[in-house]
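1. coords below, sequence missing:
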């Protein structure tokens, strides 16, 4: 393979991964997985721009050892052989978003919380209103389980994956 000459100091590599929910788009830095998102062109382009700016990086299609680990662990997850992910990863977001995402990773497999229940676990929040944005901006779908959070009325529509994908994942985990 030809060596890539980058103008920036960092290179983020990308690939696509087939899942039961359709094709997903993954990206990795030298330190780990930085993105796993449902593949919708507008959504992916916006997230690539975030990666370029956050890492001052070029984003190119290529391979990474982390993608092999991700494929194996996603396959195990969808076969109900894995309940958590053990991957090197880097969060891309504000310190508040990262705090929310780390809290989401503590929600047990097969369980759900409402936005109010999640807010009660984050002391600086006075209401659940501030949680919808971090869920919608999660760059590590499935790995950071925003699908385990519902609106206070029990409906799903609070994150980028859409109701049908979220419902699929919740049902997969509850079976």
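-> The structure has been received and is ready for your questions. Computed from a prediction, not measured in an experiment: that's the story for all the values here.
2. Chain neighbours aside, what residue packs nearest to the residue sitting nearest the centre point of the chain?
-> Note on the chain: the residue nearest the mean C-alpha position is residue 140, at 1.3 Å, using Cα atoms, centre = their mean. The spatially closest residue to residue 140, leaving aside those adjacent along the chain, is residue 36, at 5.3 Å (Cβ to Cβ, 6 or more residues apart in numbering). In this view, the C-beta of every residue, glycine as well, is placed from N, C-alpha and C.
3. next SSE after the strand or helix carrying the one you found?
-> Under the criterion of DSSP states H and E, residue 36 resides in strand 33-38. Remark: after strand 33-38, the chain's next helix or strand is helix 41-55, criterion DSSP H and E.
4. which strands and helices sit next to that next one?
-> strand 10-19, strand 22-28, strand 33-38, strand 57-61 (3 or more Cβ pairs under 8 Å, 6 or more residues apart in numbering; DSSP states H and E).
5. what pLDDT, on average, does that helix get?
-> Average pLDDT, helix 41-55: 89.
6. Tell me the secondary structure at residue 156.
-> Taken by DSSP: H, G, I helix; E, B strand; the rest coil, the conformation at residue 156 corresponds to coil.
7. tell me the contacts of it?
-> Residue 156 sits next to 150, 163, 166, 167 when contact means Cβ atoms under 8 Å, 6 or more residues apart in numbering.
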